[in-house]
Each structure stands twice: as C-alpha cells, then as structure tokens.
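[1] What follows is a protein structure lacking sequence information:
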C-alpha cells in the first residue's frame, strides 16, 4: 500500500490503486471502467474526455489543444489517452465518455441514504482477567459494550466465540467487535472500526449486480455486474424452475453456482479495493421469488405450478457461512421478503427505493423484464401485479435480437419520407443485432411512419419492406441495403425486392412478440387502475426501473401503446432501483424496518383472476391511433 | 410391534418389549436392568426378588416356595430367575434386588415438576392454496397457529422450510408443527402431537447420564448411563484440558467422541422405547465448564490457566444439527450457563433441583467429585466455591482404589475390640479393590477405633496394622488375613507381622489423600460460612448431591471431619440432582427462565483469594476429636 498511487473516480465513486505511473486511459480500463475510445488512444476521436478534479493546470498535449475547447481545458477536461497518472488523482468521468456497459453498472439513482448502521463496530480496551476479576470473556465484553457504548448484546456467534480468546489474548485485550441486532458477529484485533463494509446484491434472472458498500459512510465503493451463471440451465424463470425440479442434484447445482458467482464477485471487489473479506459484515440480496428460493435452497416446485405460492414471505437473516458465502465469520445474509410467488423482493426493493410509499398522489412503478412487476400506489394502498411480458425486450424470441452488448442496435429512427432507418449501435461497433431498446424504437418508428398498421401488420403498399425467400415481409435496418430498397418506393406495382440474406431486419413475428409483451404490461396497468378506481390521467408519476427501462425512449413506450399518451415529464427512469433498495436496507436499520413494514402493506393482485383481464388484454394488443403518437 | 410383549418395570419407569416369551431374569438383564443374582439362576440365593403387579396368582416354583415367605408369595413376590414372561407384564423391582450399578442410574430425587412445554406441537388442517388464496406456505401456517392456537411464530428453521412443501402437499395439507420460542422447528405428517420427547443429559467428567423424557407428561420414559469416552484422554478435567490444548485435532476429537456417545445413547434409548429420533424436539445438557466448552467446541486453554475464566456464562441454544446431534430437523440443544471456570452448569442444575433458592433459612448444597462445588444460600445470597478435592473419592490415587464396580469394597466397619474389619462389596462379589464410599468408611472407622490419630498417622502401638516390605504400616481389609493379624495384639513387643502381598489394604498415603480431599471440602464450607457471617450451627440443611454423595454414610462424613458434628437429619442425600435439574429445564419454560435468573443471582467466590483460606485448610486437615465422632 505504501507506494501505491490512489485514484478516485467520480461520479461512480470508485477508488483504485496503481503500482506506479500509468497512462490514464489504460489505468481506467484496467480498473474495469469502460471508457469510449475509437482512435486507439491516438488523441483524435475525442471520446475519452475526463475531468481532472483539483488539477486544472495539467499539461495539455498537441492533440488535446486541437480537440478540446479553451473552456474545457480551463475546467480540467483532458483526453484520458493523452494523460499519465503519476500521483494521487481525482477524476470525474462525464456520462458521455463512459461505454454503454459501464453505464449499465453505474445506473441507479441512489437516494441520499442516511446511514443507520445495522452492523456496528466497537473498539474495546478490556480489563485483563485476573483472580480478583474472573468474569467470562463474553460477560466482560458485554459489560464494556454497555458501559462504554450503551450497546446491549445478548448473543455471540459460536464460531466467533471459538476464535475469540486467542484474539483477545494475543492483542493485549484490545479488540474490535462487530454487533448486529444484539449479537457479536465478528471479533478483530486492535482497532478495526474504520473498516466496515457490506455487499448489496440484486440477483436477477439474467444479471447479478453487486455493490461494495462502505457501511460507515453509506458510499458505494465499487460495483460489478456479472451474468447469472444459472442461465445455462434455463434462460427464464420457468425453465429454470423446471430444471430444478427434475431432480435434487439440479436444484443443488443451481444453488451452488449462483453462490459461487456471488463469492467470486465479492472476492474481486475486495481485491480491487484492497479490502479483506473479514471486514465485510453483511450481505443484502434481493431478487425475484424463484431466484430467492433457489439461492437459499428452498424447493421451487410450488412456484412452477398454479397457484404459484412462495414458501415464505418473511425477511430472512441467514448466517453467510451456512450459505457458503465468504465474509466475516459470524456475518449474515439478509434477504428482503418476497411479496408473492411472482412478485419478488427485487420489486419490494424497487418500490422502496423509488419512495412512492411516502409520496402524495398516485404512482406507478414498473420494472420491465421477462416478468414485469408493476406496483400502483393510490389512496387504496399499494397493489402489485406480475405480468408475463416475455423475453422480447431482452432481445430473445426476436429474429435478430441480442443482449445489450457492443454492436447491438440500440437506437432506431426511420425517416418518414424515404423509410431510411438511422441506427446507433452500442460502442459504435458494426451492427450485429438488435437489443431491447432498439427493437422498441424500431417498432414504434414503423408504426409512426405507418409502415405497420394498428394491428401490427406490415403495410406493403408503403413500399418500405422487402420480402424474404419464403415471401414474408421484413423491414431491413441495415442503412445501405435499405436506401437501395427505398428506390422502389414510387413504383405503382409493388414488386418488393428480395431481402438481403444477411441484413438485420424486423419481421412480422418480431412485431407480434413485442405486441404481446407491451400488451401484457398495459393490461397489468389497466387492471391496477381499475382496482384503484382511477384512470391513467390520475397517475402523477410513472417510474420505470431496471436496466432495460433506463435505455428505452419513453416517447416510444407511448408510441407502441405500452402506456397511453401522457406528458413525458410524468415518466421517470430510475435505473437499477432494486439494487439501490438492496443497498438501502444494507446501510440503514431504519430503512430495513421500513421495508419490512412496507412488505406487509403491499397487496398482490392475481391478474388472471381479474374479471376484465381478457378484455384488457385483447384491447391492449392494438398499436395506438396516429393521434396518440408523439 | 404387533406381536411384541410389553414389559413395564417400576419404580424406574422403564418399558421394553419382548419378541416372544423369555425368562424374567434374562429379560430384565437384557433390557439393561441390573438385577442381583448369585446362584446363576438356580433359585437358591433369593437375591432376584421381583413383584408381579396385578398378577399375584402366578405359579410358584418349588425353589420359590422354599425361599419366599407365604406373605411374599401372596403379594406377588417371585424370583425373577424362576419366572417366564409370556404376556404383557408389570413388574416392581425392590431396591434390594437392583445391582449397585443400576441403583446409580435410578437415583436422583425428581421433584414433582409441573410441565410448561418449551417445544409445543400443533396439529393443523390447512386450507389448500388456490388462485384466490395465494399466501405463502409459512404465512398460512403462521395465521392458522395464531387463529386456532393463539401461538405466535415469527421464524421457521430453514431446513424445515426446505422439506415443508412436500410434507404439506403429500399429506392433504394436514400436518403437525413443533414450535419453540416463536420458531417452527419441525413439520411432521398428519397428527403427531402425541409423540413429543426430549433428552436430558448430565455430562460428567467420568459419567454421562441420559434421560429420555416425555415432554407432554414430564415423565422420564427411560434412562441410561454411559462412561464419558473422553476419559481415555485424561481422567480429570485438567489433564483433559491439557490434552485439548496440545493441538486442534485433539480438541476436535474430544468434542467428536462425546457427541458420538450422546448420539449413540439417544439412539439406544429411542430403539428400546420404540421412538423415532424425529420426535425428539430438544436436548438439555448440563456439565462442568470444561465439559461444556469441549462439548460445543470452545477453546479451553484459558480454563487451564489462572485466572481460569469461562468464555461465556450465558445460556445457549444451539441447533442440534450444528453439533451433529441427531434429533428433529430444527431441534435445539439447550445448555444452561456455566457460573464460572470451575463452577459449571451442573452445579447450577443441582442448586435448581434442590430448590434451595426458594427455601427459608441457610442451606448448603454439595456435589462431591474431583472438583467439589459447594453452594451456600443465606440471607446474603447464593455463593458458590469450587474446591480441588481430587479424585481420591473416586478411587483414584488410592493404592487399592477403584470405581464403584462389582467387587469393590463399598462398606467397611472395624471392630473396636479386635480390629477386625467387616466389608461389603458391590454385587457381593469377591473383593477386588475399594471404591470411594469404602475408603471413606475405612478411614472414618480407623479414626473411630483409634488406629490412626488426629493427624492421620497410624498408631502402631494399637497393634492392628502390618508392615509392608518397605517397612511402612498398612491396615489390611481382607478379613481372613486381618484376623490373623489380630493375634499379635496382646504382644508387648510390637513385632508387626508382614503384610500379605496381595491383601487389599489402606496405607499412610491413602489416608493423606483422603485428608487432603476432605480438608479441601471443609475449607470451602468454612470460607462460605465466613463469607455469610454464619457458623455451621446456623445451617438448616446440608444437601449432598451426586452419585458418590448418595453412597456415602453421612455419619462417616462427619467422622472424617468433612463436616463438623451435626444432627444427621440435617443431611439429605439427593442423588443425581444435576440430571434432575437438566430435566427440569427441559420440560418447563418457567423453570428454564427461573434457572437463567438463578444463574445471574449466583456469585462465585474464588477460594484461593480468600484471606483465611490457608488457615482454614491447615486446620481442616486434622481428623476430629474423639468427642466429635458419632
């Protein structure tokens, strides 16, 4: 540590250390911070702008003088590729310089959380035992904690107790104990009060987001995303449940590999931030009910069969070591409770983080995924539904669909005059497929420029579509090919050209997938409105949470009819609110209590049991009228 | 079970089953009930008298007609060796027919304990989940328990939760749950409320006493004694601590073998009584602090070094499976707290069972062992000391010492006129050594007939002693040899005959061992009296607990000066009170609370720190004056 160079990166709150001086772009990249760069570090593309905080007078290279404005230079803006870090440095990275993947990680509006430590550390200088004072070790600590810190403990973890006498006696009776809800969960030598960390996890069906949190300040020290390794045993929740119930070994395997992945991610975060695992006092995990059950090894058979009931809807504190999660010896994994079989603790965490409970008025909170959970807060209370929106928004079941990875088309605009699509890909790479936000854009635009009708059918008479070898219409997103396609537009006889074999396109089936998905969500909203006796106009705010929800263009959400036409400013995209909620209950006992109370308050509404479910669903499949498109 | 013959044995409350008809003596012996028998079942020694309850008209054999009185025969008394059990039978076994070892087991005055179940079973017929009622399984049970039984549960054991959905669904939603302190610890199919058992253990350094208890009635269904297998790694507490701290494997071994022995004993008790281990809801264990720590795998180094502190003095509830003790899935092992490093939870249990806390006046409670713990209750409170009385009373460090096993001399009377000893051995076997009560008797008698003086020295002028090959005096207990010895008595010249080589005798060193032991105990009592500002006359009752304490002749306790001269009726021998205390906290939540409160109330007095310790010790080594001998 002595000769390492400390680098602090804002606004993502990441800190890392260098062994010696290093090119700034390389340093950031090696630290796992994805920075845009298209010119291979030659200082010509200008994508890697960073701000050197408190160091505005840094040397300016020739390339920088050419690319940056004088104003920028004076404010400390430089190109990361042109700068060397050779001393303690604080950097600010504008969102525009972050690669798309990096954005995914740093998203999530973290409410200003007031820390109210659940796991507290106390430095104790104990009086040495002698023949005139033969108290038990535990009693000695118990009394000291009460007298010096007004902290009442009643219990000590058995493993901690086993290790304790040696720690006490080898450190001249000077130790640090960690207390959680009246139990001593860790004993460390000397004064270790300065290092108290926690891990907040949002365990998704596809992705796992892991935050390393400083429990003293409440700051997020570092974050890391990982794929859920269970994915190879089933992409969606139901196929994973089916895999688990095939036999006991499968269920154990699903449990084991996700725990391993969490451990691995914690190890990496600790290593990158020079933190020992023994300083991690607690882990908070949220996730959908199936992920929750699989994680802790509960059976999931009943989650796969009607009436889809959860085994428990209570918060759980499980010794981390009983789950083989490697943190402080007596530390716990805390799990917020699931609300129902298909409304998990991630939804609870989202509702918590978006703070809709405390707000005046009517709120909708939506977390779009394979299952989309929607909560509505009104004077009638908070009701939630889960709706099977399917994986289309994640790029699955779409011919050219893919996850949000480099080369995925993420934005689409179609020219009303010549049908020419303009596309944007992640990392500006050559297009290789379409991700969720791209599909949403494409279909909204197809409707807007009237290439598809209200029922979603291609209108070949517009002449903007081609025919594949089987005679089915497609709309090609590859601009070169499409402009060629445009030429036929004026032809009276609609001789649609043949689609190029390898062109990235949207077909009729893709449109139907999106139609079903958006219609499922719209139905959920309508049923909730009906249940609350409200109409869409009464909704004061729509909060869209989740990684996907952060990338979509809210205008296009309206244009496909997932929402009716509504003021855009009433829509708010909050990023990974579930992860934020997981962090909130990690750093604050008060918020944890609040969340547990909230869980009891939230009601679950079974959509399919609602009398007007079928009606709503049929109506919702339609795309909007032209006048409802913005 | 269908064709088995049930046998009920009183007053020990043991029940067992026979596969077919069987000789009564063999049946009892095979069931582990030690019955006296000296004639190899020929019906001539008359030792194996038993009473056939509700079956007074049983056939009488020729041998029985010769041995038994007419009155006995009419009351159902028969000789076990002469009778066959071929149908359901209830027997009463007079204490005189029980072998000494068996007496050890059945001792322990069980106070009439009012049951106040800690682990309660509830039979639930749950409403089946459907789409209109999608509560989680746990919530459903929680609400049913509250509504139907006013029982509030907040937690469920994770393993029980894992197994629960299948038990519920395979049994038409009809189950039995076991609740312990707000936690569901077991789920069984259908109605299992009738079978709720517990295990009470007194874990001694030498012996383990295990009781199988019906938690519904509070009755002891069966009991079993076993040797503590740790004994081969050290006979006394200190040598066992030294073995444990040699290396970690040793400590683990000590932990493992005692757990195995407890498991083995539980298995046997369950098998003999046709009880499944899954019906055992809880285990209560008491023991000295070293046994307590070794059992749960706590380090004992600090118990072996001054100031000898315990690691914890709190009651503990540990999941049985975390200790590898095999009972109901979520069941607990409950451990009463140790009071200090050398005053264990067995002492607390003894004080609890003897109920001295609730009584008016001043009480002494003594549990004699290698370490003797003494509690004194006075208006100043309850103070305890631990005194290193050594293993002499257990037969160790005594030349011909042995444990209380068949052939051990257990009673000694010495004729005042001719020095002739009369001895009684366990099971009337040929004498092979002397057990604790025999040594105590022998030395008390030696002093009474003035063969040793007040300082414990042999008085060779009495002419009752012989000389060994090294010229040291001995007193031979073998009556044949001794009567030969008596012949020399009148000789003026004290030519002591040579001691026989293989005669069982008491030597000067043996006397010193007993002197030190009794003096340690007397010192403890004197310090406690001084602390309370009392003298021996103020003591209303002296309670002697423990197996050894039950066998000693209280008169001789006074005659060696362990106690001063006192009315014999003030001395009460209560048997294995620690085991009774262990059972009391097993069957009653109220008593458990009381015990935990009692533990906090009890004060520990470090003998060696007391200013007059040395004085008292020196004075206490003397044997009493002739006028203080009764």
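    Arrived safely, thanks for sending. This is a predicted model, so every value here is computed, not measured.
[2] which parts of the stretch 251-400 of chain A sit against chain B?
    Neighbours of chain B within the stretch 251-400 of chain A, by Cβ under 8 Å from any Cβ of the partner chain: A:296-299, A:301-302, A:306-314, A:316, A:318, A:322, A:338, A:340-341. Where C-beta positions appear, they are placed from N, C-alpha and C, glycine not excepted.
[3] Taking the residues you listed, please make a ChimeraX selection of just the buried ones.
    Filtering those down to the buried ones (16 or more other Cβ atoms under 10 Å in any protein chain shown) takes a single ChimeraX command:
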select /A:296,297,298,299,302,307,308,309,310,311,312,313,314,316,318,338,340,341
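[4] So what's the residue count around residue A:62?
    Per other Cβ atoms under 10 Å in any protein chain shown, the neighbour tally for residue A:62 reads 9.
[5] again with residue A:286
    Residues lying near residue A:286 (other Cβ under 10 Å) number 33.
[6] Give me the subset of the residues of the stretch 251-400 of chain A next to chain B lying in helices.
    The members of these all map outside helices under DSSP state H.
[7] Now residue A:123: which helix or strand?
    If you go by DSSP states H and E, residue A:123 is part of strand A:119-125.
[8] do that strand and chain B meet?
    No: judged by Cβ under 8 Å from any Cβ, strand A:119-125 makes no contact with chain B; its nearest approach is 15.8 Å.
[9] Paired strands for that strand, with orientation please.
    strand A:174-180 (antiparallel) (DSSP bridges).
[10] Now do the buried residues in the helix or strand following the partner strand.
    Going down the chain from strand A:174-180, the next helix or strand is strand A:183-189, by DSSP H and E. Buried residues in strand A:183-189, defined by neighbour count with 16+ other Cβ under 10 Å: A:183, A:184, A:185, A:186, A:187, A:188.
[11] could the residues you listed go into JSON lines alongside distance to chain B and pLDDT?
    Below are the buried residues of strand A:183-189 laid out as JSON lines (distance: Cβ to the nearest Cβ, whole Å; pLDDT from 0 to 100):
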{"residue": "A:183", "distance to chain B": "11", "pLDDT": "97"}
{"residue": "A:184", "distance to chain B": "11", "pLDDT": "98"}
{"residue": "A:185", "distance to chain B": "15", "pLDDT": "98"}
{"residue": "A:186", "distance to chain B": "16", "pLDDT": "98"}
{"residue": "A:187", "distance to chain B": "12", "pLDDT": "98"}
{"residue": "A:188", "distance to chain B": "17", "pLDDT": "97"}
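[12] was I right about residue A:196 contacting residue A:123?
    No: using Cβ atoms under 8 Å as the test, residue A:196 is too far from residue A:123 to be in contact (11.5 Å).
[13] ok, those two, which is more surrounded?
    Comparing residue A:196 with residue A:123 by other Cβ under 10 Å, the one with more neighbours is residue A:196, at 23 against 16.
[14] residue contacts, the more buried one?
    Applying Cβ atoms under 8 Å, 6 or more residues apart in numbering or on different chains, we find residue A:196 in contact with A:117, A:119, A:120, A:121, A:178, A:214, A:215, A:216, A:279, A:281.
[15] Out of those, which comes closest to residue B:606?
    residue A:178 (32.2 Å; Cβ to Cβ).
[16] tell me the contacts of that closest one?
    Here residue A:178 is in contact with A:119-122, A:184-188, A:196, A:281, A:328, A:330-331 (Cβ under 8 Å, 6+ apart).
[17] Show me the helices in the stretch 51-200 of chain A, by range?
    Along the stretch 51-200 of chain A, the stretches classed as helices by DSSP state H, counting those that start in this stretch are A:62-67, A:70-74, A:100-106, A:137-149, A:158-170.
[18] in chain A, what secondary structure element scores lowest on mean pLDDT?
    Of all helical and strand segments in chain A, the minimum by mean pLDDT, DSSP states H and E falls on helix A:479-486, at a mean of 44.
[19] Following that one in sequence, what is the next regular element?
    strand A:505-507.
[20] next structured bit after that following strand?
    Where DSSP H and E defines the elements, the next helix or strand beyond strand A:505-507 is helix A:508-532.
[21] List the buried residues for that following helix?
    A:508, A:510-529, A:531-532.
[22] same deal with stretch A:566-580?
    For stretch A:566-580, by 16+ other Cβ under 10 Å, it's A:566, A:571, A:573, A:574, A:575, A:576, A:577, A:578, A:579, A:580.
[23] Could you break chain A into its assigned domains?
    A:5-98, A:119-189, A:197-345, A:359-390+A:512-628, A:401-503 (automatic domain parsing).
[24] okay, these in a markdown table with distance to residue B:550 next?
    Listed next are the domains of chain A as a markdown table, based on distance: least, Cβ to Cβ, whole Å:
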| stretch | distance to residue B:550 |
| --- | --- |
| domain A:5-98 | 70 |
| domain A:119-189 | 31 |
| domain A:197-345 | 43 |
| domain A:359-390+A:512-628 | 54 |
| domain A:401-503 | 77 |
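[25] among those domains, which is nearest residue B:476?
    Among the domains of chain A, domain A:119-189 sits nearest to residue B:476 (Cβ to Cβ), with 44.3 Å.
[26] ranges for the strands of the stretch 1-150 of chain A?
    A:5-10, A:14-18, A:22-23, A:49-53, A:77-79, A:84-85, A:89-92, A:119-125 (DSSP state E, counting those that start in this stretch).
[27] For residue A:287, give its distance to chain B.
    Distance, residue A:287 to chain B, by Cβ to the nearest Cβ, to the nearest Å: 16 Å.
[28] can you pull the pLDDT of residue A:146?
    Predicted confidence (pLDDT) at residue A:146: the value is 97.
[29] which non-adjacent residue is nearest it?
    Nearest residue to residue A:146 in three dimensions, chain neighbours excluded: residue A:152, at 5.9 Å (Cβ to Cβ, 6 or more residues apart in numbering or on different chains).
[30] Tell me who's in contact with that neighbour.
    Residues in contact with residue A:152 (Cβ under 8 Å, 6+ apart) are A:145, A:146, A:182.
[31] lowest-confidence stretch among the helices of the stretch 51-200 of chain A?
    Across the helices of the stretch 51-200 of chain A, helix A:100-106 gives the lowest mean pLDDT, at a mean of 48.
[32] What is the neighbour count of the closest residue to residue A:231 other than its chain neighbours?
    Counting by Cβ to Cβ, 6+ apart, residue A:231 lies nearest to residue A:206, which is 6.4 Å off, once chain neighbours are set aside. Residues lying near residue A:206 (other Cβ under 10 Å) number 17.
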